[in-house]
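>>> Could you look at this predicted model? Sequence included:
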Amino acid sequence: MYHNEGFCYGFLIDADGGERSYLDEEILITRIGGCCTKDSEGNLILKKDQDAGNTLVKCVLGSQNSKLAVGLVLGKQLRNTAWCGGLTITIGQNNKLLNRDVPHRYNVMDWFRVTNVWFEKVGEKYSAKVRFEKLNLANKSWWGAKDSPLPLPIEERDFETKPECIKCSSCSSESLRIFEDGWMCLDPDCPDFWKIENASPPAELTYHPDFLNCRSPPDPTVQPFYSLVPDLLSTLDESAPDVSTSRIAWKGIVCPKCKKCIRRTFWHGWKCDDDSLLDGEHCPFEKFMKMTPISLCDVLDDFKLTPIKRAIPSDPKCIIPEIDDVSFFPYRKLTYKLGGVGSITHFVSNQEVNSRKNGPDDLFVRLQSEDLGLKRFRLKSSLVAGTLTSHFAVNFGMPYKYVVSVDSKGFDEAPETILQVLGRLSWATEKAVMSSGGSYLPPNELLTLGYFEKMKIGFHDDGESSLGPTIATFSLGAKATMSIRMKYKYFNGTTRRAGGAAGTLLQDDPVLKDCISEGERRKLKHDLEAGVITRESYDLSRRALLKDHKGREATTAIKMELNHGDLVVMHGENLQKYYEHSVTPENKLRFALTARYVKPDHVNAKEIQKGEFTLTPDQIYDGK
Ligand SMILES: O=C(O)CCC(=O)C(=O)O
Ligand SMILES: [Fe+2]
């Protein structure tokens, strides 16, 4: 259910509508979701009674009482989902309620009104049901069978017939006769609740024809809030500078040709990726925007006013960096040490660096004028298959297949701007590695991310085994916050609980600094290694430790403010294994360009040359 402030506005009917779900061309009967869990066979089990105080029930009643229209969406029933070469194959099967297949994974039906809400007994508990009636009774519904008769004209409809309404002799409350099998009191507080003549009803119940066939007379006061087919494109003023990167512009549109909802997959706009055919052809609709360039003043509140040396973060819960204003002058160098795992070097830029020729200010403008091929890719795992990342990406150099599978172009095809950025990132990588005493491997891959308003990248690592130990990122445009935290399993010493089952204990627990029960875990590990305890008792003791606390995410260990022109280098063999990072920009346009060393043995031999490059003197960065 989509609800807000006590009202239900939208309702999705997907996998399991509960017993006695019903759908025809004008009526939908389904359970009101929630209060359920799944048993080992995947069947829904009510966890507790769903009464009139339940939030979802209150919202449906709110919409009924306030005569709000509710938009219904019908999910496709899926038989199979499999990963095949990065694509999800979904085989739809007939919708159980309709007995035929529907075209898309999610299908917007129409506006409906709530006509009835009641309670039914399910096992020893009870849950709420709702009956929706389509608002527009004049037109045939698109999900109706092709050969079904057209709906009766409104003038010829019967708005009089109603189900019987009977007062309970036990509790005096009134209930409708919903089932043909007999009348039941539907008040869960009544001793006669869910009984037909003092006895439990039969397992199979049939809806009474009057309950299914009755229709509410047209009521012009029940009005939808929004169009179900919003015409976003006509409301966007393309010539206004920040419209194309605004939040509304990446919410997706309804294809004006075939009516499919299409996502903003491309930096410049939309392409209808309809996989169903329109008169034998794929829908050809596409719309690319002018993308008026955004100036730095538009994304940086304090552009040209920033002091040369920015204050360092002072959150006492996070690691405080070492400050060094000399080594990489004119950059300020901040170093964060993650005990035994690695270090993060933050090169804090300033106006002098940013405004130099070919510096960050120029690069920000040039990245916008170039057609880099930025795209949003599918997340590998998401609640809803096919969900796109909340950022655009394009990869140059060696293929980098982490988080999203990005098709990579060789550096020989990279625009000048990208090579100049690569020069900067190579410089920063070398400086950071040398100053921490490691050996420098020049990057062979560069991923560019572009963030529109309200986009971000959630917690992830950049890859454990396929990457070298050093990753360098260059920030352009809007300010952002980068957070680094220990991964759940290293923090807790176990994987997450899955369903009802306990998580799996770490086979080899590194006992990182600041993990949960650090002292106890270290002692146990020591005892195991010294042969004082057996593996079995080691595991038992660790399980016992887990009982004392609920698994939780680690708090942020490092928080960095990334400003326009800054560079960050993460260095450490196991940094990506034990820690994860996320970045949230604060304004409408930001680019992050990250260079890594992808181990050649993780790449198809044919693609290795993609990562080769030689920088011209103009592209080599001198640190000024
Ligand atoms: O936006 C950023 O600064 C970080 C990007 C990042 O984490 C990545 O490309 O993996
Ligand atoms: Fe990353």
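Yep, that arrived. Ligands and ions are numbered 1, 2, ... in the order given.
>>> who in the protein is up against ligand 1?
Where the chain comes near ligand 1, counting by CB under 6 Å from any ligand atom, the residues are L447, L449, I457, D462, T473, S475, M482, L562, H581, V583, A592, T594. (C-beta placed from N, C-alpha, C; glycine too.)
>>> Go through those residues and name the one with the lowest pLDDT.
The member of the residues of the chain next to ligand 1 with the lowest model confidence is D462, at 92 (criterion: pLDDT).
>>> what about that one, how many neighbours?
19 (other CB atoms under 10 Å).
>>> what's near enough to touch it?
Y402, I471, M570, Q576, T594, R596 (CB atoms under 8 Å, 6 or more residues apart in numbering).
>>> Narrow those residues to those in strands?
I471, M570, T594, R596 (DSSP state E).
>>> Show me which of those residues are buried.
The neighbour-count test (16 or more other CB atoms under 10 Å) applied to the ones in strands among the contacts of D462 identifies I471, M570, T594, R596 as buried.
>>> Please work out which residue of this structure is closest to ligand 1.
Per CB to the nearest ligand atom, A592 is where the chain lies closest to ligand 1, at 3.0 Å.
>>> so that residue sits in a strand?
Yes - secondary structure assignment (DSSP: H, G, I helix; E, B strand; the rest coil) places A592 inside a strand.
>>> picking that back up, between the contacts of D462, which is nearest R424?
Comparing those against R424 with CB to CB picks out T594 as the nearest, at 11.8 Å.
>>> wait, that closest one sits on L449?
Yes - with the criterion set as CB atoms under 8 Å, T594 and L449 qualify as a contacting pair; they are 7.3 Å apart.
>>> gap between the closest residue to V603 other than its chain neighbours and T556?
Leaving aside its chain neighbours, V603 sits nearest to M398 (5.5 Å; criterion: CB to CB, 6 or more residues apart in numbering). Taking CB to CB, to the nearest Å as the criterion, M398 is separated from T556 by 31 Å.
>>> Between these two, point out the one with more neighbours.
When M398 is set against T556 and neighbours are counted by other CB under 10 Å, the residue ahead is M398, at 28 against 18.
>>> What pLDDT is listed against the more buried one?
92.
>>> how about it, what does it touch?
Applying CB under 8 Å, 6+ apart, the residues near M398 are S408, N444, E445, V598, P600, V603, E607, I608, K610, G611.
>>> buried subset of the residues you listed?
Burial by neighbour count, 16+ other CB under 10 Å: within those this picks out S408, N444, E445, V598, V603, I608, K610, G611.
>>> okay, the residues you listed in JSON lines with pLDDT and secondary structure next?
Shown next, in JSON lines, are the buried ones among the contacts of M398 (pLDDT from 0 to 100; DSSP: H, G, I helix; E, B strand; the rest coil):
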{"residue": "S408", "pLDDT": "86", "secondary structure": "strand"}
{"residue": "N444", "pLDDT": "95", "secondary structure": "coil"}
{"residue": "E445", "pLDDT": "95", "secondary structure": "strand"}
{"residue": "V598", "pLDDT": "93", "secondary structure": "strand"}
{"residue": "V603", "pLDDT": "88", "secondary structure": "coil"}
{"residue": "I608", "pLDDT": "90", "secondary structure": "helix"}
{"residue": "K610", "pLDDT": "92", "secondary structure": "helix"}
{"residue": "G611", "pLDDT": "94", "secondary structure": "helix"}
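>>> Including distance to L56, could those residues go into TSV?
As requested, those are arranged in TSV below (distance: CB to CB, whole Å):
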residue	distance to L56
S408	46
N444	52
E445	47
V598	47
V603	49
I608	55
K610	52
G611	52
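>>> Let me know the closest of those residues to N354.
E445 (25.3 Å).
>>> Report the beta-bridge partners for the closest one.
Note on E445: beta-bridge partners G397, R596, judged by DSSP bridges.
>>> swap in T30?
When bridges are called by DSSP bridges, T30 pairs up with V130.
>>> give me the number of residues near it?
The burial count assigned to T30 is 21, neighbours taken as other CB under 10 Å.
>>> residue ranges of the strands in the stretch 251-400 of the chain, please?
Under the criterion DSSP state E, counting those that start in this stretch, the stretch 251-400 of the chain carries strands at the ranges 253-254, 261-262, 269-271, 286-288, 322-324, 332-338, 342-348, 392-397.
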